[in-house]
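In: turn this into a structure:
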Amino acid sequence: MDAWIEKMERQVTTIPPSCLNGFNYAPASAEEWDEWAAWTLACQCGCTHGALLGYPLSELNPDYEAEPLFMSPLNFRCSSCGAKTQIIDTKEHGYNSEIARLEGEQSFDSNYRGSGQPQEALCPQCEGSEFSITVKCLHSHFDLIEDEPDLEPRVQDFFDGFECFGTCSSCGEMTSFAGCELA
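Out: Next up is the predicted model:
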C-alpha cells in the first residue's frame, strides 16, 4: 500500500473530525481499514450515556416509512450533567461543506435538515431514551486530498458519509439512528 494512503488512514483513525471537538472520544474500531473511522463519544464531564436529539426523517419527508432515522443537527444531552453538545450539523460539517467553505461559497446540504425543537430518539426495542453513542465517518476521497496537499492537515474533516449509532442503556440494543452522504 502507498505510504501516503497509510498516513491518511492513520490520521483519520486517530484524529476525529472537528465536529466532535466538544466531546471526549475514543476510537471505536480496531478492525481492518474499510474507509470508515469510528468514534465513541463521551460528554466533557466523562459520562458516556445520554439522549440523542435530532429531527425525525418521517416528519421532514412524509413519504419516508422505514426504520426511524434522524436528520441533523444531531445533539447529545448528557445524562449526568445535562450538557447539550452538537454531534454534527450537515450544513456545516463534512466534505461538501468543507469544499464550499474553501471556495468561499455558501455551504449547501444535500440532506434533509431539521429546525426548531429537536426530538429524543427512542430505542425501537424498549423505548428507552438513554444511549451510548458511536459515530462513523466515511473517508473514500483520499485521491482528491492527494491532488490538493494543502487539505492534508485536515483530511479528517473531509468525510463523505456519516452514521450515528446508539446502544440503549436499558436493553443493550444497538440502533442506527442517522446516516447520510456528504459528497
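
In: helices and strands around the lowest-mean-pLDDT helix or strand in the chain, which ones?
Out: When the helices and strands of the chain are scored by mean pLDDT, DSSP states H and E, helix 142-147 comes last with a mean of 79. Packing partners of helix 142-147 (3 or more Cβ pairs under 8 Å, 6 or more residues apart in numbering; DSSP states H and E): helix 3-14. C-beta: built from backbone N, CA, C; applies to glycine.

In: name every strand pairing with whatever helix or strand comes next after the helix it packs on and say which way it goes.
Out: For helix 3-14, the following helix or strand on the C-terminal side (DSSP states H and E) is strand 24-27. According to DSSP bridges, strand 24-27 has the following sheet partners: strand 36-42 (antiparallel).

In: quick check: angle from the strand it pairs with to helix 3-14?
Out: Strand 36-42 runs at 20 degrees relative to helix 3-14, counting by axes from the mean of the first three to the mean of the last three Cα atoms, to 10 degrees.

In: buried sites along whichever helix or strand comes after strand 36-42?
Out: Next along the chain after strand 36-42, taking DSSP H and E as the criterion, comes strand 50-56. Buried residues in strand 50-56, counted by 16 or more other Cβ atoms under 10 Å: 50-56.

In: how about stretch 19-31?
Out: In stretch 19-31, residues buried by neighbour count (16+ other Cβ under 10 Å) are 19-20, 22-23, 25, 28.

In: for these, which one is nearest C171?
Out: Nearest to C171, judged by Cβ to Cβ, of the buried residues of stretch 19-31 is A28 at 20.1 Å.

In: how about low-confidence regions in this protein?
Out: Scanning the chain with the threshold set as pLDDT under 70 gives 1, 30, 108-110.

In: how close does the closest residue to M8 other than its chain neighbours get to E92?
Out: Nearest residue to M8 in three dimensions, chain neighbours excluded: F142, at 5.0 Å (Cβ to Cβ, 6 or more residues apart in numbering). For F142, the distance to E92 equals 22 Å [Cβ to Cβ, to the nearest Å].
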